[in-house]
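In: What shape does this take:
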Amino acid sequence: MNFSTNYIIYPPNKALERSIANSIGLLGAEAAAAAAPDTKVAVADNFRYARGNYEQHRFSARIYEDLRGALEASLTDTGDLAAKSSRTREPLVWAETQNNLGNILAALGQQRRDATLFEQAILCFGKALEVFSQESAPLEWAATQYNLGTANQALGRLLDATKPLQAAIDAYTNALLVWTRDASPEDWMFTMHQLGDTLHAYGKLLKGNRQFQKSVVAYKNALAALDADDYALELTATHNNRAAALHHLGESEDNPDRLKEAINSYELALTVSMEQQLPIHVAVICRVNKATAQNVLAQLTNDAVLAEEIADEFEVIMECFAHALQPLCLRHCQEQLKLAQAQSASNSQVAG
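Out: Sure thing, here's the model as predicted:
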């Protein structure tokens, strides 16, 4: 079946942020200065938190290529024998450098939509795991498993491929062997969220209800460790993304109750985003998703009144929030408007 379009929200990638912060000292002063984002001009970024797992807002993406070169040079610039010696003398430092390089490569892979860069990142994380083990360095091992999962998730999304998504699920599951809710609540929460994202993407490819159901459970777990004061964006994203999985599960099952549950979850996401004054486009994403799920419900239940209400809602969204819509999202809204209007008109003709 063809699932309707909905939009997930990506929380900040703290692992990438740490990799940049840990590596920036390898750059010269001029290059390091370019790492600061330009805050002199306020420009609305309607793609923020919607482009993928490797967006970075604390640092400028302009330095990715310089960091990549510096990290690769630190591993190889004195020759293969010296690099091997460095791994022998300082294996933990070497492995952490592989981790940092992997995150930078994955960020470049997302920026350029380049599967090869993601594959190189995955190789870096694999090298780090040759040093980090669950027994000798459990926290580093879990962090590397998480990085491995995120790179594979991004690759699977890019290629619409199930193999990387399954690898991501396995890696996140490994990380959860160390990162428990009691011992590492934030890491546990982020991993549960990413596991939910991955299972949702996997379910769309397999057209499998079981994966959607697992995704909903993973998001529910993440919600248990979130609050609006400390994690406003993460809470909004988790409610929204859980709703997206329920939305597609409802379509797969032809189940109005699932769609109603999705609509309620989208409403929670919208409420948090507004109350916590997140960027307006985040609220608009939640609102578009909610209206889309309501449109599916109207089609499924042949509800002309709801269809008419949803047509009005999409008109309001496009009229009042055009500045906060991505171009493809605007096109989606236009298509949904036509669908709702057609449903309303069709029912009116039958009634007449």
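
In: Quick one: mean pLDDT for stretch 12-30?
Out: The pLDDT scores in stretch 12-30 average 91.

In: my guess is Ala70 contacts Gly25, does it?
Out: No: under the criterion of Cβ atoms under 8 Å, Ala70 is not in contact with Gly25, lying 9.2 Å apart. Placement of C-beta: from N, CA and C, glycine included.

In: Compare those two (neighbour count), which wins?
Out: More neighbours surround Ala70 than the other of Ala70 and Gly25, with 21 against 8 (other Cβ atoms under 10 Å).

In: So that one: helix, strand or coil?
Out: Per DSSP: H, G, I helix; E, B strand; the rest coil, the local secondary structure of Ala70 is helix.

In: Disregarding residues adjacent in the polypeptide, which is nearest to it?
Out: Leu26 (3.8 Å; Cβ to Cβ, 6 or more residues apart in numbering).

In: Next one: that neighbour from Ser344, what distance?
Out: Shown here: Leu26 relative to Ser344, a distance of 60 Å by Cβ to Cβ, to the nearest Å.

In: Mind checking which of those two has more residues around it?
Out: Set Leu26 next to Ser344 and count neighbours by other Cβ under 10 Å: Ser344 wins out with 21 against 17.

In: my guess is that one contacts Glu308, does it?
Out: Yes: the pair Ser344 / Glu308 is scored as a contact, 4.4 Å apart, by Cβ under 8 Å.

In: Could you pull out the helices in the stretch 51-200 of the chain for me?
Out: 64-76, 80-89, 91-112, 115-131, 138-159, 162-178, 185-206 (DSSP state H, counting those that start in this stretch).

In: Which secondary structure elements does the fifth one sit against?
Out: Read that as helix 138-159. For helix 138-159, the elements it packs on are helix 14-23, helix 91-112, helix 115-131, helix 162-178, helix 185-206, judged by 3 or more Cβ pairs under 8 Å, 6 or more residues apart in numbering; DSSP states H and E.

In: Those helices: which one's closest to Arg51?
Out: Set against Arg51 and scored by Cβ to Cβ, these come closest in helix 91-112, at 7.3 Å.

In: Show me how far the closest one is from its chain's centre.
Out: Offset of helix 91-112 from its chain centre (Cα atoms, centre = their mean, to the nearest Å): 18 Å.

In: quick check: angle from it to helix 115-131?
Out: Counting by axes from the mean of the first three to the mean of the last three Cα atoms, to 10 degrees, helix 91-112 points 160 degrees away from the direction of helix 115-131.

In: could I have helix 91-112 exported to CSV, CA atoms only?
Out: Only the C-alpha atoms of helix 91-112 are listed here, as CSV (Å, rounded to 0.1, in the frame of the first residue of the first chain):
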residue,chain,number,x,y,z
PRO,A,91,44.2,2.5,21.3
LEU,A,92,41.5,4.4,23.2
VAL,A,93,42.5,7.8,21.7
TRP,A,94,42.7,6.1,18.2
ALA,A,95,39.3,4.6,18.6
GLU,A,96,37.8,7.9,19.7
THR,A,97,39.3,9.6,16.7
GLN,A,98,37.6,7.0,14.5
ASN,A,99,34.3,7.8,16.2
ASN,A,100,34.8,11.6,15.7
LEU,A,101,35.7,11.0,12.0
GLY,A,102,32.7,8.7,11.5
ASN,A,103,30.3,11.4,12.8
ILE,A,104,31.9,14.1,10.5
LEU,A,105,31.7,11.8,7.5
ALA,A,106,28.1,10.9,8.2
ALA,A,107,27.3,14.7,8.5
LEU,A,108,28.9,15.2,5.1
GLY,A,109,27.0,12.2,3.8
GLN,A,110,23.7,13.8,4.8
GLN,A,111,24.7,17.2,3.5
ARG,A,112,25.6,15.7,0.1
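
In: buried residues in it?
Out: 94-111 (16 or more other Cβ atoms under 10 Å).

In: How about stretch 236-256?
Out: For stretch 236-256, the neighbour count (16+ other Cβ under 10 Å) marks 236-252 as buried.

In: so where's the protein uncertain?
Out: Applying pLDDT under 70 to the chain flags residues 38-44, 77-85, 347-352.

In: residues of the lengthiest helix in it that come out buried?
Out: Using DSSP state H, we find that the single longest helix of the chain is helix 327-351. The neighbour-count criterion (16+ other Cβ under 10 Å) identifies Cys329, Leu330, His332, Cys333, Gln336, Leu337, Leu339, Ala340, Gln341, Gln343, Ser344, Asn347 as the buried residues of helix 327-351.

In: Include distance to Lys204 when you put those into a markdown table, please.
Out: Formatted as a markdown table, the entries for the buried residues of helix 327-351 read as follows, by distance: Cβ to Cβ, whole Å:
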| residue | distance to Lys204 |
| --- | --- |
| Cys329 | 18 |
| Leu330 | 23 |
| His332 | 16 |
| Cys333 | 21 |
| Gln336 | 19 |
| Leu337 | 24 |
| Leu339 | 20 |
| Ala340 | 23 |
| Gln341 | 27 |
| Gln343 | 24 |
| Ser344 | 29 |
| Asn347 | 30 |
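
In: what sits against Ser344?
Out: Under the criterion of Cβ atoms under 8 Å, 6 or more residues apart in numbering, the neighbours of Ser344 are Ala304, Ala307, Glu308, Ala311.
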